[in-house]
Structures are given as C-alpha cells and as structure tokens.
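Undergrad: Let me see the structure of the following:
(one chain, ligands or ions: 1)
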Amino acid sequence: MGSDLNITKELQEYILSHGLNLHPVQKEIIDYNISLGDIKRMQISISQCQFLHLIIKISNIKKVLEIGTFTGLSTLSMALALSDDGKIIALDKNNETNKVATDFFKKANQEHKIKTLIKPALESLDEIKNEKFDLIFIDADKNNYIKYYEHSLKLLSKNGLIIIDNVLWYGEVVNQKNTDKFTKNIKEFNNHISKDERIEKLIVPLGDGMTVCRKL
Ligand SMILES: C[S@@+](CC[C@H](N)C(=O)[O-])C[C@H]1O[C@@H](n2cnc3c(N)ncnc32)[C@H](O)[C@@H]1O
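TA: Residues are numbered from 1 along each chain as shown. As a prediction, this is how the structure comes out:
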C-alpha cells in the first residue's frame, strides 16, 4: 500500500518556495499578523492560501461565503483568485480586525469583490438565508462548527464546496487523553460529517487540516 510522505520542516519550506507566489498584500497581512504575537496562529497557512486559490481557479467558483475573516488573509487569498465579477461575503464579529482587513482589501484593489458583515455569524447567516454560494469556507468559533456546517449545506449551490479549517486541531484529534473543550468540539464535528451521506469529503493535511466537502 502506498503511504504519505512524512513532511519535514525542510520539505515544507521547499514546497512553499516552489509553489504559487504570494501577492505583496498577502505578505503584508502575514507580517502584520506576526506583529500581533501569538494570535497570528489564527490565520491560515501559506499552503492553505495556495490551495484555496487553486480550488477557486479550477472549480469556476463565482460566489464565496467566508465565516471567520480575522485580518483578511484567507479572504484576500480567495478574492485574488476570483474573476473580477466574483463576490465574497465575509463574516466576523470583530470590528477592530475587520477594519484592518478592509484596509488590506483596498490596498490590494479587491474591495469591490468583498462585502463584510460584522456581527455574530449565526445572525448574519440568518440574514443571507436566501443567497446561494459556490464555496463556503468555515474558520470561526469551533463550538458552532456543526451549526455553521448545517447552515452552509442549505446555502450551497449544486456541486458547491464547503471547506472547514482546523479539523486536525494541532494533531490533538488523535490524542485520546485530551479532553479539553476545543478538541472535543472538533472531534464531534469530524464525527458529524464523517457519517453525512449528503456530501463527499476529504481531509487535506495542509495547515491545521482542512476538510473539503462536495455537496451531492
Ligand atoms: C481563526 S480566525 C479566522 C482566520 C482567517 N480565516 C484568516 O485566515 O486570517 C477566527 C475568526 O472568527 C471570528 N469569530 C469567532 N466567533 C465568531 C462568531 N460567533 N461570529 C463571527 N465571527 C466569529 C473571530 O473574531 C476571528 O476573527
């Protein structure tokens, strides 16, 4: 049986340096997030930026919903991959980080594609319940992941994709001894979708692990 390669730090750097180049404003966001200290772990990884870019390009995606924007790295990565008439609705409850994100969107000349809604995501999801999306990226509070996923399934166009971040939770999902609430939430979520016959799914081990679901 074939097996997956063990990716060392050197291989990881090699992969990134031989992949898609980042836009200067994506690099600025990463530098800005580093300046924030430990909270920088909130942003998606560079390999995830590249992956989202490719998925949007190859799947003819026009309309995206993002749940969890932070300072805008994932949003901008998706916006840059969309065609000029593409649209993203980006949800986050934090005014302060949203202001930082929208300044970066303007700097990258992508603000015409992105509408941000600043309030608890479940309220925003209720507001947009009549819209349809080709891709929904979930990367917000983990205790609501099952609710975000169930809402997302209703908002997805046929053959649409849902991508969920942090599904390997720093590798803790396989640690039987870990009973903290975040690990528990992620495990419950992973069990929820592993049994779901409304979708096809694959966990891609990029960044903190992301599940890609295709609605059947
Ligand atoms: C992991 S970060 C998102 C990172 C982002 N995708 C990126 O790549 O930079 C999670 C975000 O979810 C937001 N968030 C947490 N709970 C939320 C809620 N109930 N409603 C809306 N946003 C929420 C936080 O404010 C935070 O910005």
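
Undergrad: Please tell me how far the closest residue to Leu80 other than its chain neighbours sits from the ligand.
TA: Closest residue in space to Leu80, ignoring its immediate chain neighbours: His23 at 5.6 Å, by CB to CB, 6 or more residues apart in numbering. Just so you know, the C-beta spots here come from the backbone N, C-alpha and C atoms, and that holds for glycine as well. Computed as CB to the nearest ligand atom, to the nearest Å, the His23 to the ligand distance reads 14 Å.

Undergrad: Okay, and the residue sitting nearest the centre point of the chain sits in which element?
TA: Taking CA atoms, centre = their mean, the centroid of the chain lies closest to Phe137, which sits 4.3 Å from it. Using DSSP states H and E, Phe137 maps to strand 133-138.

Undergrad: Now find how far off-centre that strand is within its chain.
TA: 9 Å (CA atoms, centre = their mean, to the nearest Å).

Undergrad: Note down every partner strand of that strand and its orientation.
TA: According to DSSP bridges, strand 133-138 forms sheet pairs with strand 63-67 (parallel), strand 156-165 (parallel).

Undergrad: Please identify which of these is closest to Glu131.
TA: strand 63-67 (7.8 Å; CB to CB).

Undergrad: if we look at that closest one, which residues are touching it?
TA: Here strand 63-67 makes contact (CB atoms under 8 Å, 6 or more residues apart in numbering) with 56, 74-75, 78, 82, 86-91, 121, 125, 128, 131-140, 148, 152, 155, 157.

Undergrad: Likewise for stretch 148-159?
TA: Here stretch 148-159 makes contact (CB under 8 Å, 6+ apart) with 63, 65, 67, 121-122, 125, 128-129, 131-134, 136, 138, 140, 162, 164, 189, 192-193, 198-199, 214-215.

Undergrad: and what of stretch 117-134?
TA: If you take CB under 8 Å, 6+ apart as the criterion, stretch 117-134 is touched by 59-65, 67-68, 89-95, 98, 140-141, 144, 147-148, 151-152, 154-157, 160-161.

Undergrad: The residue nearest to the centre of the chain contacts Ser77, correct?
TA: No - Phe137 is beyond contact range of Ser77, at 9.7 Å (criterion: CB atoms under 8 Å).

Undergrad: intersection of neighbour lists for these two?
TA: In contact with both Phe137 and Ser77: Leu52, using CB under 8 Å, 6+ apart.

Undergrad: what's the neighbour count on Ile203?
TA: For Ile203, the neighbour count with other CB atoms under 10 Å is 16.

Undergrad: Roughly how far does the nearest residue to it once chain neighbours are set aside sit from Ile61?
TA: The shortest distance from Ile203 to any non-neighbouring residue, by CB to CB, 6+ apart, is to Thr211 (5.1 Å). Per CB to CB, to the nearest Å, Thr211 is found 17 Å from Ile61.
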